[in-house]
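Colleague: coords please:
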Amino acid sequence: MTAKQPLLSVQNLHVKVEDKEILKGVDLNIYAGEVHAIMGRNGSGKSTLSYTLIGHPRYVVTEGKILFKGVDIVEMTPDQRARNGMALAFQYPVAIPGVSVSNFLRASVKAIRGKDVPVKEFRQELKAQMKKLGVADEFLGRYINDGFSGGEKKRIEILQLALLKPALAVLDETDSGLDIDALKIVSEGINNLSNPETAILLITHYQRILNYVEPQFVHVFQDGRIVKSGGGELSKELEARGYDWVLQELTSSAVS
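Modeller: Numbers count the residues shown, from 1 in each chain. Sure thing, here's the model as predicted:
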């Protein structure tokens, strides 16, 4: 019987930005339907992993593989990765003056699905997702993220993911800048993305979003690599004890 293949398999991944090595041997397997959380201090390499996965040209893979659906995507462009089923929600979504939310979302859906979606069908799908995320109709005519609050930007990001239906959704510190009400709504949107065909990789500093989006797996990043992995309970332990105890544990293991 053939073993189940990971949706994403990161193998001994080394990445540099300019002349500085940031990722120093990351190994990570994610299967369809799973929710993984990556936690760690600032500068540990978490966001570098997300930008590398999506193919940002500034992040250069010097060693290792990124297998997505069994294919090494290291040489793929960001748009090729997106059409193949990968999507990234940014920590700091950029404003695009002159491009309305409605036009941007319809163009995105067309690009990913490879065909134009009938206007009536698209609007029905869009309105249904907007209702779930509490996005008012007035946003459709506004320019993308232009003058939006932090919570509004993140809701539009999740709205886009809900329409694109990626196989892998990478969420880079989506909880950043959210008040408690926005956090609950955005978290519900993330939970709605989760299904047996879709995997979620959630990158965060804090445990608070994990009160609403429960991961099956938690990984701790330190100095460009995963140094500890566990179940959802690991996030609560990190919240209670901080990151120092993980480093102390590693030091003790190295000494012994």
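Colleague: so how far is stretch 69-83 off the chain centroid?
Modeller: Offset of stretch 69-83 from its chain centre (C-alpha atoms, centre = their mean, to the nearest Å): 16 Å.
Colleague: Buried ones in that stretch, by neighbour count?
Modeller: With burial defined by 16 or more other C-beta atoms under 10 Å, the residues of stretch 69-83 counted as buried are 69, 73, 76, 81, 82. (Each C-beta comes from the backbone N, C-alpha and C, glycine too.)
Colleague: cool, stretch 136-144 as well?
Modeller: Buried residues in stretch 136-144, counting neighbours by 16+ other C-beta under 10 Å, are found at 139, 140, 142, 143, 144.
Colleague: Chain neighbours aside, what residue packs nearest to residue 125?
Modeller: Among residues not flanking residue 125 along the chain, residue 163 sits closest, at 6.7 Å (C-beta to C-beta, 6 or more residues apart in numbering).
Colleague: next one: residue 9
Modeller: Spatially, and ignoring its direct neighbours in sequence, residue 9 is nearest to residue 67 (4.1 Å; C-beta to C-beta, 6+ apart).
Colleague: Help me confirm that that neighbour is found in a strand?
Modeller: Yes: Residue 67 forms part of a strand when assessed by DSSP: H, G, I helix; E, B strand; the rest coil.
Colleague: do you know how far it is from residue 128?
Modeller: From residue 67 over to residue 128 the distance is 34 Å, taken as C-beta to C-beta, to the nearest Å.
Colleague: between those two, which one's more packed in?
Modeller: Neighbours were counted for residue 67 and for residue 128 using other C-beta atoms under 10 Å; residue 67 has more, 17 against 10.
Colleague: Does that one touch residue 11 like I think?
Modeller: Yes: assessed by C-beta atoms under 8 Å, residue 67 is found in contact with residue 11 at 7.0 Å.
Colleague: for this structure, what spans make up the helices?
Modeller: 46-54, 78-83, 101-113, 119-133, 150-164, 180-193, 233-241, 244-255 (DSSP state H).
Colleague: thought residue 159 was touching residue 190?
Modeller: No: judged on C-beta under 8 Å, residue 159 makes no contact with residue 190 at a distance of 11.6 Å.
Colleague: between the two, which one's more packed in?
Modeller: Neighbours were counted for residue 159 and for residue 190 using other C-beta under 10 Å; residue 190 has more, 24 against 20.
Colleague: which residues does the more buried one contact?
Modeller: Listed by C-beta atoms under 8 Å, 6 or more residues apart in numbering, the contact partners of residue 190 are 158, 169, 171, 174, 200, 202, 213.
Colleague: Now do the residue nearest to residue 125 against residue 120, distance only.
Modeller: Distance from residue 163 to residue 120, by C-beta to C-beta: 15 Å.
Colleague: Neighbour count: the two, which is higher?
Modeller: Comparing residue 163 with residue 120 by other C-beta under 10 Å, the one with more neighbours is residue 163, at 19 against 8.
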